[in-house]
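A.B. asks: what's the 3D shape of this:
(4 chains)
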There are 2 protein chains.
Amino acid sequence: MKSTIPEAGVPITQSDRQEASLHGEILLRLRDYVVEGNIPEGARVPERQLCEMLGISRTPLREALKVLAAEGLIELQPNRGARVRQLGKRDLEELFDIMAGLESLAGRLACEAITDEEIATIERLHYEMYGHYLNSDMHGYFHVNQRIHESIVAAARNETLRAAYASFAGRIRRVRYSANFARKRQRWGEAMREHEAILDALRRRAGSELSDILFQHLRNKRTAAIEHLAAVGDDIAAAPADS
Amino acid sequence: MKSTIPEAGVPITQSDRQEASLHGEILLRLRDYVVEGNIPEGARVPERQLCEMLGISRTPLREALKVLAAEGLIELQPNRGARVRQLGKRDLEELFDIMAGLESLAGRLACEAITDEEIATIERLHYEMYGHYLNSDMHGYFHVNQRIHESIVAAARNETLRAAYASFAGRIRRVRYSANFARKRQRWGEAMREHEAILDALRRRAGSELSDILFQHLRNKRTAAIEHLAAVGDDIAAAPADS
DNA sequence: AGGGATCATTTTGCATTCATTTTTTGTCTT
DNA sequence: AAGACAAAAAATGAATGCAAAATGATCCCT
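C.D. replies: Take a look at the predicted model:
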């Protein structure tokens, strides 16, 4: 008996749906492959090459490419193939704002349903993150920080929101990670204080307040990231013009 | 060679955006077709039938179906074809909350960039809507109401947000429309007052405040819609229950 | 020798074909 | 007559083939 495929008529969750068929498998692998940054931005990706790399024919590959294009990870130019999407400054601003909005929403919803246990878990993560902060462990801080935000999204009890959040997060994954290392010591301290405010509002289940704090917190992240990329990012900031 | 099936369905309309390719054309047409509610919820949609209806082969159709599935409009069950996605009560709650979050975000962003002219336009729409309210013109009210919310989203100056908003709106389009007619006179009056508060906050560019008001406004809409569908909707509410 | 046109090669888009899986139908057994 | 098993029919998933477009290379003309 395999992985408990529900009876007919019952919707299959998006994550389960993909694994069975080949195009779904390819979709998952290709998405990871792109999100992880294995293909340089704006690079042309010939179908044939991907096909032999994955050992499949073009049909399921093309289906996966269409989906990835719909998700905004790649661009499909008519008769000219697929390119990894290049994010210009404006694109990044828009995506960061959306992430801010989604987390802001997640925080508001989380206040309606979060359990004490979940809050305790987030508190533990918070202190763990504080430890990384004190040790100036950027890498550890980044990952625990991610887990905190993911925990808030999970506490919102909204699977559709979680999926949308994950999708948008994938689109700016590389940038987010690289931008994290741009964090100045001062901004880092501010972020820690903001996280304390987040935790405080969460404990009090102050939805509207938490929504505001989260948005502002992410907005500040956005500013830091954009500034960083404007200074360092030549490859990324080069995109804003068309083609 | 019988390859060219002439004028089997409908001629190609190039008026649609940049979608010159066949799969893109099919995607737009199929999406509209599903969103407009031409296929009953949960109904099986054989590829063959759609192919001859659209006058194309299965390849571009299947590509379009994959994208629609990624958008959440249809479901693809392995080896069992495509079905129009059925939204259970929980799905609707989640989607309404996301719409609330996105509009809340849009309002906040709009306050940063909206022009006096845009506000004036929204004011005109508001009074037009008020007229429909006084005349109990449900249909007119619904459409002007939509335009107001779309105007706020447009004023956010975030194309990615606009696209995401449109996508989620498509998923609950039918329900939204039908739920609108469930509006009790009392709730209708409340909605009008909320709209006045929205306009007021927008004039003052009070982003955080507008964000709160919009979320609450949409939350109230959600409650009304879910109650309505719980009472009337047998087909829609039938999905979540276990088999 | 340099710029541009023409032709060959590569790549993409779509149709068709082949292989499984599912669904239906028909028959047989209890 | 109802249920179960089996075979046929239909539908889906993936691969291949073919035409059109794009890319690159060669050749011609000034």
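
A.B. asks: Check chain A and tell me which residue is nearest its centre.
C.D. replies: Centroid-nearest residue in chain A, with C-alpha atoms, centre = their mean: A:Ala169, separated by 1.4 Å.

A.B. asks: contacting residues around A:Gln77?
C.D. replies: A:Arg83 (C-beta atoms under 8 Å, 6 or more residues apart in numbering or on different chains). For every residue, glycine as well, the C-beta is placed using N, CA and C.

A.B. asks: what bridges to it?
C.D. replies: A:Gly81 (DSSP bridges).

A.B. asks: State the distance from it to A:Ser104.
C.D. replies: As for A:Gln77, its distance to A:Ser104 is 35 Å (criterion: C-beta to C-beta, to the nearest Å).

A.B. asks: next one: A:Asp137
C.D. replies: For A:Asp137, the distance to A:Ser104 - C-beta to C-beta - is 28 Å.

A.B. asks: Name the residue in these two with the higher neighbour count.
C.D. replies: Using other C-beta atoms under 10 Å in any protein chain shown as the criterion, A:Asp137 and A:Ser104 rank with A:Ser104 on top: 26 against 14.

A.B. asks: show me the contacts for that one.
C.D. replies: A:Ser211, A:Asp212, A:Leu214, A:Phe215, A:Leu218, B:Gly101, B:Ser104, B:Leu105, B:Ser211.

A.B. asks: Which strand or helix spans the first one?
C.D. replies: Which is A:Ser211. Element membership of A:Ser211 [criterion: DSSP states H and E] is helix A:207-231.

A.B. asks: tell me which residues of that helix are tucked away?
C.D. replies: A:207-215, A:217-218, A:221-222, A:224-226, A:228-229 (16 or more other C-beta atoms under 10 Å in any protein chain shown).

A.B. asks: which SS state does A:Glu75 fall under?
C.D. replies: strand (DSSP: H, G, I helix; E, B strand; the rest coil).

A.B. asks: Can you give me the neighbour number for whichever residue of chain A sits closest to DNA strand C?
C.D. replies: For chain A, the residue closest to DNA strand C is A:Gly81, as judged by C-beta to the nearest atom of the strand, at 2.9 Å. Other residues near A:Gly81 come to 14 when the count uses other C-beta under 10 Å.

A.B. asks: That one contacts A:Val45, doesn't it?
C.D. replies: Yes: counting by C-beta atoms under 8 Å, A:Val45 is a contact partner of A:Gly81 at 6.9 Å.

A.B. asks: and for stretch A:158-170, what are the contacting residues?
C.D. replies: Contacts for stretch A:158-170 (C-beta under 8 Å, 6+ apart): A:13-14, A:31, A:35, A:71, A:73, A:95, A:98-99, A:102-103, A:105-106, A:109, A:153-154, A:156, A:176, B:72, B:91, B:94-95, B:97-98, B:101, B:164.

A.B. asks: Let me know the next secondary structure element after the worst-scoring helix or strand of chain A on mean pLDDT.
C.D. replies: One helix or strand of chain A scores below all others by mean pLDDT, DSSP states H and E: helix A:14-20, with a mean of 55. Remark: after helix A:14-20, the chain's next helix or strand is helix A:22-35, criterion DSSP H and E.

A.B. asks: pLDDT weak spots in chain A?
C.D. replies: A:1-19, A:181-183, A:233-243 (pLDDT under 70).

A.B. asks: So which residues of it form helices?
C.D. replies: A:14-20, A:22-35, A:47-54, A:58-71, A:89-113, A:116-134, A:138-155, A:159-171, A:173-180, A:185-203, A:207-231 (DSSP state H).

A.B. asks: want to throw those into JSON lines with distance to B:Leu65?
C.D. replies: Listed next are the helices of chain A as JSON lines, based on distance: least, C-beta to C-beta, whole Å:
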{"stretch": "helix A:14-20", "distance to B:Leu65": "13"}
{"stretch": "helix A:22-35", "distance to B:Leu65": "11"}
{"stretch": "helix A:47-54", "distance to B:Leu65": "20"}
{"stretch": "helix A:58-71", "distance to B:Leu65": "9"}
{"stretch": "helix A:89-113", "distance to B:Leu65": "27"}
{"stretch": "helix A:116-134", "distance to B:Leu65": "38"}
{"stretch": "helix A:138-155", "distance to B:Leu65": "29"}
{"stretch": "helix A:159-171", "distance to B:Leu65": "19"}
{"stretch": "helix A:173-180", "distance to B:Leu65": "28"}
{"stretch": "helix A:185-203", "distance to B:Leu65": "41"}
{"stretch": "helix A:207-231", "distance to B:Leu65": "35"}
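
A.B. asks: what's the most buried one of these?
C.D. replies: Highest mean neighbour count among the helices of chain A (mean count of other C-beta atoms under 10 Å in any protein chain shown): helix A:89-113, with a mean of 23.

A.B. asks: Return the residues of chain A in contact with DNA strand D.
C.D. replies: Counting by C-beta under 7 Å from any atom of the strand, the positions of chain A adjacent to DNA strand D are A:Ser21, A:Leu22, A:His23, A:Ile56, A:Ser57, A:Arg58, A:Thr59, A:Pro60, A:Pro78, A:Asn79, A:Arg80.

A.B. asks: Go through those residues and name the one nearest B:Met192.
C.D. replies: A:Pro78 (46.9 Å; C-beta to C-beta).

A.B. asks: Ramachandran coordinates for the closest one?
C.D. replies: When quoted as degrees, to the nearest 10, the phi and psi of A:Pro78 stand at phi -60, psi 130.
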